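Trainee: Model the structure of this input:
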Amino acid sequence: MRNKWLSMALVATTGLATGCATTSFVSTWRNPAAAPLKPEGQKVAAVVVTKNEANRRSAEDALAQAITKQGAQGVPLYSITTATDESTVKAALEKDGFAGIVTLRPVGTSKEVTVSSTMYASPYYAGYWGGGYYGYGWGAPWGGTEVRTDTIVGVETLVYSLKQNKLVWAGQSQTTNPSKVDGFVQEIAAAAAVEMKKAGLIGTK
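Mentor: Next comes the predicted model:
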């Protein structure tokens, strides 16, 4: 179900136009038992968990680009191997000397409806009769009210050190009204980089 959800979420982002996308991390965690990362110049695999191959490739390309911007050599996993079994993927990454993995996985989606009115202080609302709300309300049933629906997508971001075989950093983010797959993924990756810099796990590039 989670893999199916990501396919649906990534497809849905291409048609949203209800507002600007914004991403924030609602929780983060740093593994105190893991050594600090040194990703500069190292190969880091970009992984997006979905069974929709087209969506996966687009998202992993975007994630790899974001990783590269932080000084590492981001590589989409699909370009290394198309296999899905653990032993084959592990062997392929070890053969090419990958130092780490950044993986994105969806954890939920929701709709948030906001209803607002800015006209309660107007003369039309002062009384019900005699030129008040009765005539105004029935004459303009939608006047003075704004209804906005926001789509909120929750994503789990995990950073693993393959040399240590340990989870180094984890975070859960929420993105409001994502518009395109590549921009959606890059925004998450950029926000994650900010959080990891705060934690001292990567440099200030």
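Trainee: Show me the strands in this protein, by range?
Mentor: With strands called from DSSP state E, the chain shows them at 22-30, 43-48, 73-76, 100-117, 145-161, 166-176.
Trainee: quick one, which of those strands is nearest to residue 187?
Mentor: strand 22-30 (4.7 Å; C-beta to C-beta). Glycine gets a C-beta too; all of them are placed from N, C-alpha and C.
Trainee: Make TSV out of the strands of the chain and add mean neighbour count, distance to residue 65 and mean pLDDT.
Mentor: TSV is the format used below for those (neighbours: other C-beta atoms under 10 Å; distance: least, C-beta to C-beta, whole Å; pLDDT from 0 to 100):
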stretch	mean neighbour count	distance to residue 65	mean pLDDT
strand 22-30	14	16	88
strand 43-48	25	9	93
strand 73-76	20	6	94
strand 100-117	15	12	81
strand 145-161	17	15	85
strand 166-176	19	17	90
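Trainee: Tell me the spacing between residue 150 and residue 176.
Mentor: From residue 150 across to residue 176, the span is 5 Å (C-beta to C-beta, to the nearest Å).
Trainee: what's the answer for residue 41, then?
Mentor: For residue 41, the distance to residue 176 equals 35 Å [C-beta to C-beta].
Trainee: so how far is stretch 175-195 off the chain centroid?
Mentor: Chain-centre distance of stretch 175-195: 5 Å, with C-alpha atoms, centre = their mean, to the nearest Å.
Trainee: Keeping just the C-alphas, turn that stretch into CSV.
Mentor: Output in CSV follows, covering the C-alpha atoms of stretch 175-195 (Å, rounded to 0.1, in the frame of the first residue of the first chain):
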residue,chain,number,x,y,z
THR,A,175,5.2,19.4,2.0
THR,A,176,2.1,21.6,1.3
ASN,A,177,0.8,21.7,-2.3
PRO,A,178,3.8,20.1,-4.1
SER,A,179,3.6,21.0,-7.8
LYS,A,180,6.1,18.8,-9.7
VAL,A,181,7.9,15.6,-8.9
ASP,A,182,11.4,16.9,-9.4
GLY,A,183,10.8,20.1,-7.6
PHE,A,184,9.0,18.3,-4.8
VAL,A,185,11.9,15.9,-4.2
GLN,A,186,14.6,18.6,-4.5
GLU,A,187,12.8,20.7,-2.0
ILE,A,188,12.7,17.9,0.5
ALA,A,189,16.4,17.1,-0.1
ALA,A,190,17.4,20.8,0.3
ALA,A,191,15.4,21.0,3.6
ALA,A,192,17.1,17.8,4.8
ALA,A,193,20.5,19.2,4.0
VAL,A,194,19.8,22.3,6.1
GLU,A,195,18.7,20.1,9.1
